[in-house]
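> requesting a structural model of the entry that follows:
(chains A and B)
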Amino acid sequence: MAVGKVTFTKVEREKLAEVLCLLNWISVVTGTILFGLGLFLRVEIQKWQEVMSEQGILYVPHMLITTGLAACCINFFGGKICLDCADTNKFLRWKLVMMPYIICTFFFTSCILAGALMCYGIRSQMEESLFMGLRNAMRYYKDTDTPGRCNLKRTVDLLQIQFQCCGNTGYRDWFQIQWISSRYLDMSSSAVVDRMRSNVEGKYLMDGVPFSCCSTFSPWPCIQHHLSTSSTQDEQSRQLNLWRRGCRQALLDHYTGIMQSIGLTVLLIWLFELLVLTGVRYLQTAMENVLRLGDPESESDGWFLENSLAETARSNFNIIKNLGKCYQVDDDPNINVPTAAAEEELPSQQSWTAEVMSCSKDAFDSG
Amino acid sequence: MVVMKMKFPFQKRVKLAQGLWLLSWCATVAGATTFTLGCILKTELRRRAEVMDNQDIHIVPNTLMIVGLASLGINYFASKICQDALDAGRFPRWKNFLKPYFAVSCFFTVLMLLAVIMSYAMKGSLESSLKAGLRNGIRFYKDTDTPGRCFQKQNIDRLQMEFQCCGNNDFRDWFEVQWISNRYLDFSSKEVKDRIKSNVDGRYLVDGVPFSCCNPSSPRPCIQYQLTNNSAHYNYDYQTEELNIYLRGCREALVNYYMGLMNTIGAGVLSIFLLQGSVLVSLRLLQTAMEAVAGKENTEIETEGYLLEKGVKETIMEYLDPVLKFFLLKNQVEEGSAAATTAATPTPT
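Numbers count the residues shown, from 1 in each chain, chains lettered A, B, ... in the order given. This next block holds a predicted model:
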């Protein structure tokens, strides 16, 4: 009992082939779009890679780039095949390639779906990565003379200015780290020494923030230092002075927005590819049935699966199971079956042939 | 004396018409490009309109937009004319249209060239406009509670951060202006009172700059206040310190930006001017070549085409005569009446 059986006349088959050819060319364009989206995402992530602690997030854009390229190649190939499929003579050329082509397309279509789901699922990993990355970046803010970290100050300042954020969770994160390098602290001053002594780890902590936390929307000149003891403004107005959002939240929102749009586009592309795949499958089965019937002008059936889903699954499973065993020998009269005399002459090979015989018998029985 | 006389056999005329048709469509696209470039320039100028004192510089993008729209019309008609040119039956209906058409087209083409020249010539005007605008912006920086000026602080801060500049000429402009509003000064503090008293106008002047002047590339946290006092900060020498704040003035930064933009646009418009000029020249040659064919039985004869029948000066006078006559007409009437009165006056004596 075939799954999804549809009858096609000759005219319908030719039309299907033409439509599929066009859809395949459109799929090449969508494949390019996919590639472009992957590239765009990679560039966006690379811009702020210094404040991310792990680079594993890059596998999402890489996946999109690879599937995009694969889509272009496979659909270009598919377009050529479908163009030939309208004619039964030309179809014979592609007959053996069709099944592997469909399996390949099915595989890469599921890769597209995986890519789309990854875009949505990466949020928690990104949050973790940003938390650790920002914490380290703020810790190394003052190390502008250490190789490998000399650009972190500039990156964090530009980040805070561009995304209008301050600190990891909020501006108070800056109170817990020493962000002024010891090179610029006057160690002979008693105020400095007292402050460093009052701290367990000997760090120069202050209730101040870098200039990049200053808000441009604030109506007064920025108060960056003595934030806890400022007497001229109350708490609420002081908060207006600096950016209120934490940079982790700001970056997370930015990337989540981008990846949700990309994920949606990729899902739409996946649905389109699925449509194309279904069409190609129907075309393949219809053309094969035409060849089986022998008459190119007749009607033929096209289907999704020849037998029901359970039977197809079972037969495929058996094929895979038997691949593991040794070679199958058919009941072919042309094969040389060794006689008893031959068995006596070659006693060393006896056990081997016996094994072959039993092995093939088993396979034949179960298959 | 005929200007640029050329012989045109039939095949050459046909090729000229075909080439001209293609060229006129290219020129239509180029006209649309000119309009777009004008829009882009106008948008960029309007973005920073708060730091410009006058809008004189807007004449450049306005001219470009007008010329762009005009050239769309000019090239549309050019393509229609050259389509009809080879058809002896349809060409005569354009006869009366062509003279004013060429006059208008030449005018707008010359206007295109003028726009490019203006974009270079108006650098001084732009600079003085920015100088006055920035001076006001810095002066009203603290007036965030005055209606009409409440966004000056935000604009100046964003400008300094985006263009990586500080002040008008340089950062010292901030020393001469009170940029901290009185609302945020603690008048009970002795330091504040001393500083205000030491100044003639009673202003609170500091040798400090706003936070937007800070350079993120500096290796040390930004020093905004007591900039000229080396002893106020550890290991600091304001004369050798280059990375702490932006040293460039905002006027210079903005002028460079806009001149760069206008140079790029000017180069594009110049090439479009050459394209448009070649369209008009080809159309004129085609027109004169086809006019010689008119009325003849054999349309495939060789004819001559020329650019101007008379010399340049004579042609200009020919075009200007109707215009001058319109103005001179009044003078002629006055002369006539003056002559009549002078003729009338001697008779009584």
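
> packing partners for the one helix or strand B:Val110 maps to?
Per DSSP states H and E: B:Val110 is located in helix B:95-121. Contacts defined by 3 or more C-beta pairs under 8 Å, 6 or more residues apart in numbering or on different chains; DSSP states H and E place helix B:95-121 against helix B:59-85, helix B:250-293. Glycine gets a C-beta too; all of them are placed from N, C-alpha and C.

> roughly how far is the first one from the heart of the chain?
On the basis of C-alpha atoms, centre = their mean, to the nearest Å, the separation between the geometric centre of helix B:59-85 and that of its chain is 18 Å.

> what mean pLDDT does it have?
Mean pLDDT, helix B:59-85: 93.

> list the contacts for A:Ala116?
Contact partners of A:Ala116, counting by C-beta atoms under 8 Å, 6 or more residues apart in numbering or on different chains, are A:Gly263, A:Val266, A:Leu267, A:Trp270.

> ok, B:Gly167 next?
B:Leu134, B:Ile138, B:Asp173, B:Trp174, B:Val209, B:Cys213, B:Gly249, B:Cys250.

> per-residue pLDDT of it, please?
On pLDDT, B:Gly167 comes in at 95.

> for the closest residue in space to it that isn't next to it in sequence, phi and psi?
Leaving out its chain neighbours, the residue that sits closest to B:Gly167 by C-beta to C-beta, 6 or more residues apart in numbering or on different chains is B:Asp173, at 3.7 Å. Reported as degrees, to the nearest 10, the phi and psi values for B:Asp173 are phi -60, psi -30.

> neighbours around B:Asp173, how many?
Other residues within reach of B:Asp173, judged by other C-beta atoms under 10 Å in any protein chain shown, total 20.

> what residues does the stretch 51-200 of chain A have near chain B?
Where the stretch 51-200 of chain A comes near chain B, counting by C-beta under 8 Å from any C-beta of the partner chain, the residues are A:144-145, A:150, A:153-154, A:157-158, A:161, A:179-181, A:183-186, A:189.

> so, low pLDDT: which residues of the stretch 201-349 of chain B?
B:329-349 (pLDDT under 70).

> what is the nearest of the residues of the stretch 51-200 of chain A next to chain B to A:Val51?
Proximity of those to A:Val51 (C-beta to C-beta) peaks at A:Leu158, which lies at 10.6 Å.

> can you tell me the element the closest one falls in?
A:Leu158 belongs to helix A:152-163 when assigned by DSSP H and E.

> what does A:Leu283 give?
helix A:247-293.

> the residue lying closest to B:Gly19 once chain neighbours are set aside: what's it in contact with?
Spatially, and ignoring its direct neighbours in sequence, B:Gly19 is nearest to B:Ser282 (7.2 Å; C-beta to C-beta, 6+ apart). Residues in contact with B:Ser282, defined by C-beta under 8 Å, 6+ apart, are B:Leu16, B:Gly19, B:Leu20, B:Leu23.

> tally of neighbours for A:Cys119?
With other C-beta under 10 Å as criterion, A:Cys119 counts 26.

> pull the number of nearby residues for the residue of the stretch 201-350 of chain A at minimum distance from chain B.
Nearest residue of the stretch 201-350 of chain A to chain B: A:Pro219, at 3.7 Å (C-beta to the nearest C-beta). A:Pro219: 18 surrounding residues under other C-beta under 10 Å.

> wait, it touches B:Lys153, no?
Yes. Using C-beta atoms under 8 Å, A:Pro219 makes contact with B:Lys153 at a distance of 6.8 Å.

> shared neighbours, those two?
If you check A:Pro219 and B:Lys153 against C-beta under 8 Å, 6+ apart, the residues they both contact are B:Thr144.

> for A:Ala114, which non-adjacent residue is closest in space?
Nearest non-adjacent residue to A:Ala114, counting by C-beta to C-beta, 6+ apart: A:Met63, 7.2 Å away.

> which element, helix or strand, includes the residue lying closest to A:Gly56 once chain neighbours are set aside?
Nearest residue to A:Gly56 in three dimensions, chain neighbours excluded: A:Gln125, at 7.1 Å (C-beta to C-beta, 6+ apart). In this structure, A:Gln125 sits in helix A:123-139 according to DSSP H and E.

> let me see the contact set for A:Glu50.
By C-beta under 8 Å, 6+ apart, the contact list for A:Glu50 reads A:Gly133, A:Ala137, A:Asn151, A:Leu152, A:Thr155.

> wait, what's in contact with A:Trp174?
A:Met138, A:Cys166, A:Gly167, A:Gly208, A:Val209, A:Pro210, A:Cys213.

> do B:Ala85 as well
Counting by C-beta under 8 Å, 6+ apart, B:Ala85 touches B:Ala17, B:Phe91, B:Leu286, B:Gln287, B:Met290.

> how many neighbours does the nearest residue to B:Gly31 once chain neighbours are set aside have?
Leaving aside its sequence neighbours, B:Gly31 sits nearest to B:Ser71 (C-beta to C-beta, 6+ apart; 3.4 Å). When neighbours are counted by other C-beta under 10 Å, B:Ser71 registers 29.

> then B:Ala17?
The local packing of B:Ala17 (other C-beta under 10 Å) involves 21 other residues.

> and the pLDDT at it?
90.

> next one: A:Thr169
For A:Thr169, the model assigns a pLDDT of 94.

> fine by me, we can end here.
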